[in-house]
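*Asks:* Below are the sequence and a predicted model for it; my questions follow.
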Amino acid sequence: MKFDLGIFRNRRRVLIAGSAAVILLVVIIASTVFFSQQNGGSASGPAGAAGSSSSATPQVTPTFSASGTANDNIAFFRFLVNDAISREGLNASTQALGKKLAASGFDAAGIQYTDNSTAAGMTPDSVSVASLFKGQCLIAQYGPSLKELTVTLLPPLKSGGCLLGRSINNL
């Protein structure tokens, strides 16, 4: 009895070619995402695509809106923290930043911040500054262990504040 193995050879070739195509597709997608993130773009389009040029559109400086919500003021909050970091680096004083937030319109009674040094006098991995605004917490975290500034909008703690820990200061 003789079997025709030709059909199996063709299936194996198709399977190998299909597998190679899938692997190639995965490599192309992964490299596109990797290089796009390295260039500061997004995976959905090339960095520097039309309409994304910062030189074509002037940056609008956010402003404080006393009648707005916390979400309306998150861009202004981020702007103030970014400004402090760009001037003083990642060791920007959280107390000074809290005072700057209060001077810019946020209620001083709702501003909390962590210490800029540990009990042993060392620089902490990160620090936080927060402002309670209309029932929401605007929280900024930055420091040497973080790649970039993180700004979050969260509900307040049951205790009424925004930050939790031993070294939380109130303005």
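*Replies:* That came in fine, so what should we check first? Numbering: from 1, shown residues only.
*Asks:* Break the protein down into its structural domains.
*Replies:* Here the domain parsing of the chain from automatic domain parsing is 1-47, 70-170.
*Asks:* And those domains, which one averages the lowest pLDDT?
*Replies:* Out of those, domain 1-47 stands lowest, with a mean of 46 (criterion: mean pLDDT).
*Asks:* Just the helices from the chain, written as ranges.
*Replies:* 6-38, 70-88, 94-103 (DSSP state H).
*Asks:* Count the neighbours of the closest residue to residue 165 other than its chain neighbours for me.
*Replies:* Spatial nearest neighbour of residue 165, excluding adjacent residues (C-beta to C-beta, 6 or more residues apart in numbering): residue 114 at 6.8 Å. C-beta: built from backbone N, CA, C; applies to glycine. Under the neighbour criterion other C-beta atoms under 10 Å, residue 114 is assigned a count of 20.
*Asks:* Repeat that for residue 99.
*Replies:* Residues contacting residue 99 under the criterion other C-beta under 10 Å number 15.
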